[in-house]
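Fold the stuff below for me.
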Amino acid sequence: MNEDPDELLEAQPLDLPSDGGFRRTPRNASPWPWLIILLLLLGGGLFLIQSLKDQQEDPLPGPTPTPAPEVTATPEVEDGSRSRELLADLVEQARLWKSRAAPFWAEERWQDFEAKRARGDELLAEARFSAAEEAYEQALEDIKHFETRWESIQVQLFALGEEAYLAGKAEAALALVEAGLVEDASSEEGKALLQKAKRLPELLEAMKSAREAVELQDWALAWLQVERADAFDPEYPGMDSLRDQAKKGLADEEFRRSLSEGLAALEAGRLEQAERSLKEAKGFDANHPALRSFEAQLERALREREVLKRRSQAERFEAEENWKAAHEEWLWLQEADPEAPWAQSGLERSLKWLILQTRIQRAQKALLSAEAADLRAELDTLADLPKGLQADAELFIAEWELMRKPITVKLLSNNETEIRLRGKARWKPFFEREISLPPGRYEFRGSRLGHRDVYKVLVVEPGSAAMELRVESTEGIY
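Sure thing, here's the model as predicted:
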């Protein structure tokens, strides 16, 4: 046998929980002293019986026989061969169980086994063979204990391996799972757990690095290590807490960065960049008090910029005399800052000219209406009209006056027809007559005794030249 007994029996640094306390196996007394005493007693008894028989067969007196020397049992000479056989058996048994029942290495019972074996080695070296045999036999009793335990634990290997894995005991988990796969090599659960157990050291190292980074508040590194650990097992105990810490720390760091950049952009007047920073910061902590303050400052700055923009637009619309658009801008500005006198002034001014512009446009469509006449009279009282509006007013006045300028109309007849202008005048028969009519639509009727009436319509356009109309009844009815 080539194995080194010390190496094979060396306890491994696993830390699996034991199944409870174990009692040390009591030291068994050596049988050799009692065997020697028993042999001595047996020899003495046989000698006594033989002497009595000799006396009964030879009752005659004679010379006294010389007594035979006392027979004593000679103990077996111990040369340590039995102890060495036990040691060899012990080494082989330990090797087998070390390769198969690895979960037991770290138990107290295995430590007792190691102590008894070491004690036996010491006694064997001192040539105290009986004591060495006793120590080795007690150590073998511990091996038998493991055999009994192993029969009941085989069905729990994967469960125990999972417990060891979750407890962070990589070597124990690996040993348990591998032992379980020896019993059931086709187990998918065991195969998956084996891969996890193999990668457990890397997972634990990543988690350790993440915790150190969290303590140093190096959130980028912490998050990097958390992602690395997630690649191994995102549901490993402690990962949720570690992930939350790293995520919150990273979010806080990014929040402060975004807020700082946003404030700098706001101070420099780069409002679009400040808005982007605000949006980023809200993604990290929408309820942070500092964020609410920053948002209020940004809203105020944006409103001020919008006010300047809308005021500029209102003034541009006024310059273009687009009074409707200007009025809408001034109305927004007045609502945005009701206390601003310039906004109120602009609103009143735009409203005034918008109303006048609307009245002129409406009157131009009905020059003969009373509204047009009232507007014509009012325009004479207005001064300092905007240039465009002044031109509109002058055009209206010209159209209004032209509409009222009479046009000369020459009426022609046969001196037998009586002519009437509906709602205006009536003339006796004539050959020719000139009248003046303002622009408009006129209806003439010619009547003659014994003849049918005749009707003529005349439309007088503003600014027309002299016009001519013949009205005479010539169709008799008898």
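
quick one: low-confidence parts of the stretch 301-450 of the chain?
When the per-residue scores of the stretch 301-450 of the chain are filtered using pLDDT under 70, no range remains.

Tally up the residues packed near Asp453, please.
A total of 14 residues lie near Asp453 under the criterion other C-beta atoms under 10 Å. No exception for glycine: its C-beta is placed from N, CA and C like everyone else's.

According to the record, where do the domains of the chain fall?
Per the record, the chain has its domains at 1-48+81-185, 199-286, 405-470, by automatic domain parsing.

Quick one: closest of those to Arg349.
Distance to Arg349, taken as C-beta to C-beta, is lowest for domain 199-286 among the domains of the chain, at 30.1 Å.

Export the domains of the chain as a markdown table, with columns for distance to Glu371.
Formatted as a markdown table, the entries for the domains of the chain read as follows, by distance: least, C-beta to C-beta, whole Å:
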| stretch | distance to Glu371 |
| --- | --- |
| domain 1-48+81-185 | 93 |
| domain 199-286 | 49 |
| domain 405-470 | 17 |
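
Show me the least confident stretch of those domains, going by mean pLDDT.
When the domains of the chain are compared on mean pLDDT, domain 1-48+81-185 scores lowest, with a mean of 67.

before we move on, back to that, which among the domains of the chain is found nearest to Thr358?
When these are ranked by proximity to Thr358 (C-beta to C-beta), domain 405-470 comes first, at 23.0 Å.

Now the longest helix along the chain: buried residues?
Taking DSSP state H as the assignment, the helix of the chain that covers the most residues is helix 289-319. The neighbour-count check on helix 289-319 (16 or more other C-beta atoms under 10 Å) flags 291, 294-295, 297-298, 301, 307, 310-311, 313-314, 317-318 as buried.

In JSON lines: these, plus distance to Gln111.
Formatted as JSON lines, the buried residues of helix 289-319 follow (distance: C-beta to C-beta, whole Å):
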{"residue": "Leu291", "distance to Gln111": "60"}
{"residue": "Phe294", "distance to Gln111": "65"}
{"residue": "Glu295", "distance to Gln111": "66"}
{"residue": "Gln297", "distance to Gln111": "70"}
{"residue": "Leu298", "distance to Gln111": "70"}
{"residue": "Ala301", "distance to Gln111": "75"}
{"residue": "Val307", "distance to Gln111": "84"}
{"residue": "Arg310", "distance to Gln111": "87"}
{"residue": "Arg311", "distance to Gln111": "90"}
{"residue": "Gln313", "distance to Gln111": "90"}
{"residue": "Ala314", "distance to Gln111": "93"}
{"residue": "Phe317", "distance to Gln111": "96"}
{"residue": "Glu318", "distance to Gln111": "100"}
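
now for those, which pair is the farthest apart?
Of all pairs drawn from those, the one with the longest distance (C-beta to C-beta) is Leu291 and Glu318, at 40.1 Å.

All the strands of the stretch 201-350 of the chain, residue numbers only.
Defined through DSSP state E, counting those that start in this stretch, the strands belonging to the stretch 201-350 of the chain form an empty list.

on that earlier part again, which strands and helices sit next to the longest helix of the chain?
helix 239-267, helix 271-284, helix 323-336, helix 341-364 (3 or more C-beta pairs under 8 Å, 6 or more residues apart in numbering; DSSP states H and E).

tell me the angle that helix makes with helix 271-284.
Note on geometry: by axes from the mean of the first three to the mean of the last three C-alpha atoms, to 10 degrees, helix 289-319 and helix 271-284 are set 150 degrees apart in direction.

Can you check what angle separates helix 289-319 from helix 239-267?
Going by the same axes, to 10 degrees, helix 289-319 makes 40 degrees with helix 239-267.

Then Ser436 would be within a helix, right?
No. Remark: Ser436 does not belong to a helix; assigned using DSSP: H, G, I helix; E, B strand; the rest coil, it is strand.

List the contacts of Asp453.
By C-beta atoms under 8 Å, 6 or more residues apart in numbering, the contact list for Asp453 reads Arg445, Gly446, Ser447, Ser473.

Take those and lay them out in JSON lines including distance to Leu278 and secondary structure.
Supplementary listing: the contacts of Asp453 in JSON lines, determined by distance: C-beta to C-beta, whole Å; DSSP: H, G, I helix; E, B strand; the rest coil:
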{"residue": "Arg445", "distance to Leu278": "82", "secondary structure": "strand"}
{"residue": "Gly446", "distance to Leu278": "86", "secondary structure": "strand"}
{"residue": "Ser447", "distance to Leu278": "88", "secondary structure": "strand"}
{"residue": "Ser473", "distance to Leu278": "90", "secondary structure": "coil"}
